[in-house]
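1. 3D model of this:
(chains A and B)
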Amino acid sequence: MFAEDLSVFFDVASGFAVNASRPGGAQFPVIFDSETIASLAGDTLDDNPSVLGKSSDLSSFKPGDPIIVNGTHHTARTRRFLDDKQLVVLTISKV
Amino acid sequence: MASLRKQIMDGIEAALSGLPNVTGVYRSRVIAYQREETPAVYIRLLGEIPRSITYPYTDKDMSFEVGVIVRAPAVDIATDEIAVEIHSRLLSEPTIGGLCIDTTEEGSAFDEDDADGGAVALRMRFRSHYRHFNEALDQH
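-> Got it, this is the predicted structure:
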C-alpha cells in the first residue's frame, strides 16, 4: 500500500489553493469555489461557496463552526466526504 | 375590456404595491430571484373553476398564490411580518374593489432550502369568488 500525497493538489504558492484556518488556528490549504445553484425548486439562484480540502484538515468541522478562507470569515454548513474519505467538500456561508 | 380574472389580479397587485421591506411585488414571474432581489413577493394565478352556472351568471372560484421569498434560515420567523401585512391588505378588502363576491384564504406552505445564508419561501394561497355573465368574461 502506498501513502497518498495529497499536498500536490493543494498548492498555495503556485497552484489553485488558498489558505484557510479556524480563527486563531493553524493555516491549511483548500480550493475555494462559489458556483451558483438553484434552490427553492428553482425559484431562487444563489451562491454556494465551498472549500475542498484534506480530511485531516476539514473533517472536524461541524455546522456553524467559523472558518476563515483567504482572509474572509465564513461559517461551515455541510461536510461531504469524497471517494475514499481522504478529501472533504465543506459548504460554507459568508458571514 | 379585460376579463374579470385579469382585473382581479390587477387589483391584487395594486393592493400589495408598496409593501414595506421587500424589493418588489412580481407578477407571474418565471425567472429565478437573485439574492439581491430578495426579500421578494410574487403573485401567481393558479387556476379557476366554475362554482355554478345558472342563467345568466357563471360563478367562479379563482385561486391565486402570494409568495414571500427571503434569504434567512427560518421561514416562519423570516416571513412573519410580511405575511401579516399581505393577509391584512387582501382580506380587509375581500371584494378587491368590488370585482368579486369574496376572497378567502386557502392555506399556506412553507419551504426551506440550504443556501448561502438560507433560502425560504412562504406560499400563501387565496381564493376569490366572482361572477360574470355566461357569455362575457369581462362583465358582471
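2. residue ranges with poor pLDDT in chain A?
-> A:1 (pLDDT under 70).
3. and the helix or strand hosting B:Ile43, what other elements does it pack with?
-> Per DSSP states H and E, B:Ile43 falls inside strand B:40-54. Here strand B:40-54 touches helix B:4-16, strand B:25-27, strand B:57-70, going by 3 or more CB pairs under 8 Å, 6 or more residues apart in numbering or on different chains; DSSP states H and E. Quick note: C-beta positions are derived from backbone N, CA and C, even for glycine.
4. buried ones in that strand?
-> Within strand B:40-54, the residues scored as buried using 16 or more other CB atoms under 10 Å in any protein chain shown are B:Ala40, B:Val41, B:Tyr42, B:Ile43, B:Arg44, B:Leu45, B:Glu48.
5. and those as TSV, adding distance to B:Asp111?
-> Below are the buried residues of strand B:40-54 laid out as TSV (distance: CB to CB, whole Å):
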residue	distance to B:Asp111
B:Ala40	14
B:Val41	15
B:Tyr42	13
B:Ile43	17
B:Arg44	14
B:Leu45	19
B:Glu48	24
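6. ok so, going back, now distance to chain A, mean pLDDT and mean neighbour count too, for the helices and strands packed on strand B:40-54, in CSV please.
-> Below are the helices and strands packed on strand B:40-54 laid out as CSV (distance: least, CB to the nearest CB, whole Å; pLDDT from 0 to 100; neighbours: other CB atoms under 10 Å in any protein chain shown):
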stretch, distance to chain A, mean pLDDT, mean neighbour count
helix B:4-16, 18, 97, 19
strand B:25-27, 11, 97, 18
strand B:57-70, 6, 97, 20
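7. now the buried residues of strand B:40-54 in a markdown table, with pLDDT and distance to B:His140?
-> Putting the buried residues of strand B:40-54 into a markdown table (pLDDT from 0 to 100; distance: CB to CB, whole Å) gives the following:
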| residue | pLDDT | distance to B:His140 |
| --- | --- | --- |
| B:Ala40 | 97 | 32 |
| B:Val41 | 97 | 28 |
| B:Tyr42 | 97 | 27 |
| B:Ile43 | 98 | 21 |
| B:Arg44 | 96 | 23 |
| B:Leu45 | 97 | 18 |
| B:Glu48 | 96 | 14 |
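8. cool, thanks, talk later.
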